[in-house]
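Novice: Need coordinates for the below:
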Amino acid sequence: MIIGLGVVLVLGILFMIFRIGNLVEVVKGKKEEGDNWNNINAALFVVFMIGGLALFLWYSVKQWGTYEPPIASAHGQITDNLFWITMWVCIVAFVIIFIVMFWFTYTYRYNKSRKAVFFADNHFLEITWTVIPAIVLALLIFKGLRVWNDITSPASGEAVVVEVIGQQFAWTARYPGVKDKELGHHNYKLIDASNEFGLDLTDKNSFDDFKSLTLYLPKGKEVLLKIRAKDVIHSVFLPHFRLKMDAVPGMETHFKFTPTKSTADMREETGNPNFNYEMACTEVCGRGHFSMRFPVIVLAPEEYEKWMASQESWLKQNPDYMKYVPANLKEAAAIKAGLPMNTVTIQTPNSVTLK
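Specialist: Next up is the predicted model:
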């Protein structure tokens, strides 16, 4: 830092000496103020243009393979192609504007023997720089809208459904049980210290739902990710799957995708035995935002089914909540939740209580 400050100070002193020398010559009448500086600045602009474009080209080529992580979803290639089309349009526009801007500055630098030419407008130029960008932008928007509509359209009946819930400052996943393979209803008014999902235990589909602190996904199967937030806006970001969707309080969002590479596949492809997928929050949601890192594991279909079958239902882990199950559903709830039947006593034909 000291060396840097010293360099800046020396450059500042040299600039002031050079500036004072020019002002002295102006006072003595040897030359007019501004002529020499305009030529120097115009030349420096050209040098900056050439150097800037050369550096931009060199860095872009050198870092070409590091711009995005490997694709691990079926729609990833489509979104990447759309991204690069947009990027190339921006690069071409940037280079053209960059060159024209600095060429204009150099060519039309101050010259006391030249007078400016005034013209009110040029209809051809105005139509050109309005119509061409409008057409290009419209094509990009329509293409992007088609992709967006596809990945947010209703999932197929065979899709694996997973619910992800964000809160300050953690993620939680809810899975449907293997008995019905359907998520139960939820109600935000039922959320408490234990019932973090707000499970509605009057719905029989909620009896075998279970919680996971790791997001498990099956390779090669369509996944419908249902997304909720309990407090502020969060954002689900799975970079390898090209997935990003906000989690909004009071509104359920969703995203469908198909993982194409298991965690084991990615470890082999990257040559990194410690590779793991990760889900992050990309919405600055408070001081603990940095800690919202959620591990993701993609398994082969048979391994995924085995993992699903090994999980305990939320109701089995929280048997006290059987009191919220309607009397006529208590026996069914105990069976679906996996509670031992010897802990259930039938009091009447229509009611069941826990011993």
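
Novice: Now the lengthiest helix in the chain: average pLDDT?
Specialist: Within the chain, and with DSSP state H defining each element, the longest helix by residue count is helix 76-107. With pLDDT averaged residue by residue, helix 76-107 scores 90.

Novice: Tell me how far it lies from the chain's centre.
Specialist: Helix 76-107 sits 23 Å away from the centroid of its parent chain (C-alpha atoms, centre = their mean, to the nearest Å).

Novice: counting contacts, what elements does the following helix or strand past that helix pack onto?
Specialist: Counting by DSSP states H and E, the element after helix 76-107 in chain order, helix or strand, is helix 123-151. Here helix 123-151 touches helix 76-107, strand 253-257, going by 3 or more C-beta pairs under 8 Å, 6 or more residues apart in numbering; DSSP states H and E. Where C-beta positions appear, they are placed from N, C-alpha and C, glycine not excepted.

Novice: Quick one: those as a markdown table, columns for mean neighbour count too.
Specialist: Supplementary listing: these in a markdown table, determined by neighbours: other C-beta atoms under 10 Å:
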| stretch | mean neighbour count |
| --- | --- |
| helix 76-107 | 14 |
| strand 253-257 | 20 |
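
Novice: Mind putting those into CSV with distance to Pro176?
Specialist: Putting these into CSV (distance: least, C-beta to C-beta, whole Å) gives the following:
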stretch, distance to Pro176
helix 76-107, 26
strand 253-257, 15
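
Novice: Sketch out the low-pLDDT regions of the protein for me.
Specialist: Per-residue confidence for the chain (pLDDT under 70) gives these ranges: 25-26, 28-35, 341-355.

Novice: That one: strands as residue ranges?
Specialist: For the chain, applying DSSP state E gives strands covering 160-167, 170-175, 210-212, 215-218, 223-229, 234-238, 243-247, 253-257, 277-281, 293-299, 344-348, 351-354.

Novice: which residues sit against the fifth one?
Specialist: Residues outside strand 223-229 that contact it (C-beta atoms under 8 Å, 6 or more residues apart in numbering): 155, 159-167, 183, 217, 236, 243, 245-249, 252-259.

Novice: Among those, name the buried ones.
Specialist: When the contacts of strand 223-229 are checked for burial by 16 or more other C-beta atoms under 10 Å, the buried set is 155, 159-167, 183, 217, 236, 243, 245-248, 253-259.

Novice: Can you give me the distance of Ala327 to Thr202?
Specialist: Relative to Thr202, Ala327 is positioned 11 Å away (criterion: C-beta to C-beta, to the nearest Å).

Novice: Over to Thr214?
Specialist: The spacing between Thr214 and Thr202, counted by C-beta to C-beta, is 29 Å.

Novice: same deal with Gly65?
Specialist: In this structure, Gly65 lies at 54 Å from Thr202, with C-beta to C-beta as the measure.

Novice: who has more neighbours, the two?
Specialist: Neighbour count, other C-beta atoms under 10 Å: between Gly65 and Thr202, Thr202 has more, with 14 against 6.
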